[in-house]
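J.: got a predicted structure here, sequence first:
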Amino acid sequence: MTERYEGISIAGRGARDSRPTARLLRMISRYTGPEAGVVERQLPFVLVYLAAMVVLRALPDIVTRPGLVVASASLAIAVTLLALVLPWRSLPAWAGDLLPVGSLVCVALLRAGTGGQGSLFAALLFVPVITLAAQPGRRGIVLATLGAILVIFTPSLVEHGGLGRLVVARAVVVAGVACCVAVVAHETTERLRVRNAALNRLQVEQQRLLDLVRADAELIAREAAGRDAAYAQLVSVIDSATEQAIIATDADGMVQVFNAGAERLLGYAQGSVVGRVRLTQFHDPDELAERYAELFDHPVRGEGEQRDRRLLEAVAAPSRAHGAVRDWTYVAKDGTAKTVRLAVTRRHATGDADGGYVVVATDVTAEREAAALKDAFVGLVSHELRTPLTAMLGYLELLQDGPDPLTDDQRADLAVVERNARRQLRLVSDLLLTVQVEAGRFSIVPEPVDLEEVVRSSVLSVLPVAEASRVTLTVEGTSAPLQGDALRLGQVVDNLVTNALKFTPARGRVTVTVGPDEGGGARLEVADTGMGIPPDELEQLADRFFRSSNARRAAVPGVGLGLSIAKAVIDAHGGTLGVSSTLGEGTTFTVVLPPRPPDESSQHA
């Protein structure tokens, strides 16, 4: 870029150099104009004067007064030496006029010594005239004119001591010509001076612009290098990803990037897809058309590429809905259907135009099948176990209350059976509840309830467990009335307190605090001094069947349903469940409930 600008500058300068007028003006400026120094301005006269001396050498007969010629030559030498020796830069500007004035005196003496009015060397006066005229200001014109008169008058004054009419007329004519020449030379040099000043400004500006262009070029080069490096790194990362299929498209859905993960998921080679296949061709066509109809309330219209572009809008719709993620069905090259979770991000081009889309697809086929099997298993087992367990408990009651007396050992054995049967029934009930929550059929029955009474009732039922574990269990609180389902809220308290007791070692402490919340409703805190929960596992605590790593290592009994059920109940009441924990120090669960649940929560969670 810089070389191009410099080439333009040099070419333009060469074009100007080719004009004869420009060369002449530059030559005049070089030796007489504003760019010339004192020595350079004096040099043309020195050369002309030397030529005159050569002529005198060749024609000695024209010398009429040798003394005047010697005086002229001596003065010429003196003037030249002064031009070389004196520090003209430190002297006033007018001091430079003394040298051409001295040159005019040299010409006057030379004319007087070589024939007077008929001298061959009258024309020499125009060299110092031009030099004087080239000086800034009009002072040089006046001096040049007066000098010309001096040159004409001197021979007559030397020879006759007076001035005749012819001499005066000649002086007037020569002075007029000298004045015209001085004016022309002055205007020419002024124009040169103005032009040179403008050129200097342009050169300064050109240099500034060149510096800016160089700086911009360097910046652009660095930015380009940075972008190339970033792009290469991005491509490397994308290509190295094998667990996720990463597909990038243009605005029309044509595939531009197809990484190794996409090859593994769909079975297509990168070369057979990039620039040849649209993203929508990987989707199940019936599902894609159905999703389009759901989004836009009308079936997709058009054929071929037009239809594909419209179907692409259904795939890209999640990117316009704050990055929502939704399962889709991909069809691999061999016809296998794959369930994938898509994260669609819109790329931006210049302005607000779409630059295309980046799709990250994760194969969740096995995960979804496992979840479906788990749900089916939970539902089947729950329904199949609930009825026989209920029957078992009924027969146990009949045995305990029957007419035949039982021994103490028999009653103790039946108590063990009953306790385990009720435990199994409670587990089955929890499983059924989780199925209801997943199916959206979980409901609550709100009524006036005091959360403090619910808490104290639940704590009272688990006091024997706390005593057996040698854990101090205390309740601190005041009345906290609200609208809620007392049975479901009791489940929340039971699960939180039971968990706290499980994970608190002997001689530990569990504190239950209940009371009104600042914003209305109620606030419940269950704090323990147990083993704590790793920070990276806090967000998964409410997941169904999730158990913390500490629980697994310590072999604490449980199946991981308690907190998921508590979270579902709290959500149904419109409340929040928070947790804070420090490893080795304990955990605190905080429940905040509003004064009344949302209207829809009383029907479905």
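T.: Received it, and whenever you're ready, just let me know what you need. Numbering: from 1, shown residues only.

J.: how far away is Ser581 from Val526?
T.: Distance of Ser581 to Val526, given as C-beta to C-beta, to the nearest Å: 12 Å. From N, CA and C alone the C-beta is placed, and that goes for glycine too.

J.: those two: which has the busier surroundings?
T.: The neighbour count for Ser581 versus Val526, taken as other C-beta atoms under 10 Å, is higher for Val526 (25 against 21).

J.: quick check, that one in contact with Val514.
T.: No: using C-beta atoms under 8 Å, Val526 is not in contact with Val514; the gap is 9.5 Å.

J.: for Leu109, list the residues it contacts.
T.: Going by C-beta atoms under 8 Å, 6 or more residues apart in numbering, Leu109 touches Leu68, Val69, Ala71, Ser72, Leu75, Thr154.

J.: and which of these is nearest to Ala522?
T.: Leu75 (119.7 Å; C-beta to C-beta).

J.: for the residue found closest to Tyr268 once you drop the neighbours it is linked to in the chain, helix, strand, or coil?
T.: Nearest residue to Tyr268, sequence neighbours excluded (C-beta to C-beta, 6 or more residues apart in numbering): Lys333, at 5.3 Å. Under the three-state scheme (DSSP: H, G, I helix; E, B strand; the rest coil), Lys333 adopts coil.

J.: what about Lys333, how many residues nearby?
T.: Using other C-beta under 10 Å, Lys333 is surrounded by 13 other residues.

J.: what does Asp250 show for phi and psi?
T.: When quoted as degrees, to the nearest 10, the phi and psi of Asp250 stand at phi -90, psi -170.

J.: now for the longest helix along the chain, which elements pack on it?
T.: With secondary structure taken from DSSP state H, the chain has its longest helix at helix 165-240. Judged by 3 or more C-beta pairs under 8 Å, 6 or more residues apart in numbering; DSSP states H and E, the packing partners of helix 165-240 are helix 2-17, helix 20-31, helix 126-133, helix 139-159.

J.: the ones you listed: lowest mean pLDDT?
T.: Ranked by mean pLDDT, the helices and strands packed on helix 165-240 bottom out at helix 2-17, with a mean of 40.

J.: related to what we said a few turns ago, so what sits against both of Ser581 and Val526?
T.: Jointly contacting Ser581 and Val526 under the rule C-beta under 8 Å, 6+ apart are Thr588.

J.: could you give the mean pLDDT of the host helix or strand of Leu99?
T.: Under the criterion of DSSP states H and E, Leu99 resides in helix 98-113. Averaged over helix 98-113, pLDDT sits at 84.

J.: same question for stretch 571-588.
T.: 87.

J.: tell me the spacing between Gly37 and Ala71.
T.: Distance of Gly37 to Ala71, computed by C-beta to C-beta: 27 Å.

J.: between those two, who's got more neighbours?
T.: Neighbour count, other C-beta under 10 Å: between Gly37 and Ala71, Ala71 has more, with 17 against 13.

J.: how about the contacts made by that one?
T.: Applying C-beta under 8 Å, 6+ apart, the residues contacting Ala71 are Leu109, Gly113.

J.: how about the CA coordinates for the helix holding Leu99, as PDB?
T.: What follows is helix 98-113, C-alpha atoms only, in PDB (Å, rounded to 0.1, in the frame of the first residue of the first chain):
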ATOM      1  CA  LEU A  98      24.700  44.300  -1.400                       C
ATOM      2  CA  LEU A  99      26.300  41.600  -3.600                       C
ATOM      3  CA  PRO A 100      24.200  42.200  -6.700                       C
ATOM      4  CA  VAL A 101      24.600  46.000  -6.200                       C
ATOM      5  CA  GLY A 102      28.300  45.400  -6.100                       C
ATOM      6  CA  SER A 103      28.000  43.400  -9.300                       C
ATOM      7  CA  LEU A 104      26.300  46.300 -11.000                       C
ATOM      8  CA  VAL A 105      29.200  48.500  -9.900                       C
ATOM      9  CA  CYS A 106      31.600  46.000 -11.500                       C
ATOM     10  CA  VAL A 107      29.600  46.100 -14.700                       C
ATOM     11  CA  ALA A 108      29.700  50.000 -14.600                       C
ATOM     12  CA  LEU A 109      33.400  50.100 -14.100                       C
ATOM     13  CA  LEU A 110      34.000  47.400 -16.800                       C
ATOM     14  CA  ARG A 111      31.900  49.400 -19.300                       C
ATOM     15  CA  ALA A 112      33.800  52.600 -18.500                       C
ATOM     16  CA  GLY A 113      37.200  50.800 -19.000                       C
END
